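J.: need coordinates for the below:
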Amino acid sequence: MTDTQPLLDDLDLLLERERLALLEGRLDGLAELLEEKEALIEALSTLDTGPERHRLEGLRGKADRNRHLMDSALRGIRAVASRLGTMQRLRQSLETYDRSGRRTSIVTGNGQVERRA
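T.: Numbering: from 1, shown residues only. Here you go, the predicted structure:
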């Protein structure tokens, strides 16, 4: 076993923990995992990882997988933020169309619109 083996094992476990956190939506713990990951990568960069090149390739694949999961999570968060913004605008105004097809916005003060049949 080389000096890099324990570090590679730790990084492998960390990448799995990161994957689970992303899949389960536990985004609040990702900052802590990032700090751990940076420390492990920094420690690995000071060692000769030549003999473990094949193992590094597997870890790179896991890191890429996690990056794709993170990108997907960010797209989801942006979509939710956009939808919430749209809902907020809808609560503050009502858009209607007149007989000519022109759009008219009615701004409400309290965010409520009375609807009548």
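J.: which helices and strands does the host helix or strand of residue 75 pack with?
T.: Taking DSSP states H and E as the definition, residue 75 sits inside helix 53-92. Packing partners of helix 53-92 (3 or more Cβ pairs under 8 Å, 6 or more residues apart in numbering; DSSP states H and E): helix 4-23. In short, each C-beta sits where N, CA and C put it, glycine included.
J.: related to what we said a few turns ago, what angle separates the helix holding residue 75 from helix 4-23?
T.: Counting by axes from the mean of the first three to the mean of the last three Cα atoms, to 10 degrees, helix 53-92 lies at 20 degrees to helix 4-23.
J.: what average pLDDT does helix 53-92 get?
T.: The predicted model gives helix 53-92 an average pLDDT of 91.
J.: after that helix, heading C-terminal, what element do we hit next?
T.: Taking DSSP H and E, what comes next after helix 53-92 is strand 93-97.
J.: same for that following strand, what does it pack against?
T.: Strand 93-97 is packed against strand 103-107, with contacts defined by 3+ Cβ pairs under 8 Å, 6+ apart.
J.: what is the mean pLDDT for the strand it packs on?
T.: For strand 103-107, the mean pLDDT works out to 81.
J.: show which residues not belonging to it make contact with it.
T.: Applying Cβ atoms under 8 Å, 6 or more residues apart in numbering, the contact partners of strand 103-107 are 92, 93, 94, 95, 96, 97, 98, 113.
J.: what distance separates it from the middle of the whole chain?
T.: Counting by Cα atoms, centre = their mean, to the nearest Å, strand 103-107 is centred 36 Å from the centre of its parent chain.
J.: buried sites along it?
T.: Of all the residues in strand 103-107, not one is buried under the rule 16 or more other Cβ atoms under 10 Å.
J.: for stretch 49-59, same thing?
T.: Quick answer for stretch 49-59 (16+ other Cβ under 10 Å): 49, 52, 55, 59.
J.: distance of the last one from residue 70?
T.: Which is residue 59. 16 Å (Cβ to Cβ, to the nearest Å).
J.: ok, the first one next?
T.: Residue 49 is 24 Å from residue 70, where distance means Cβ to Cβ.
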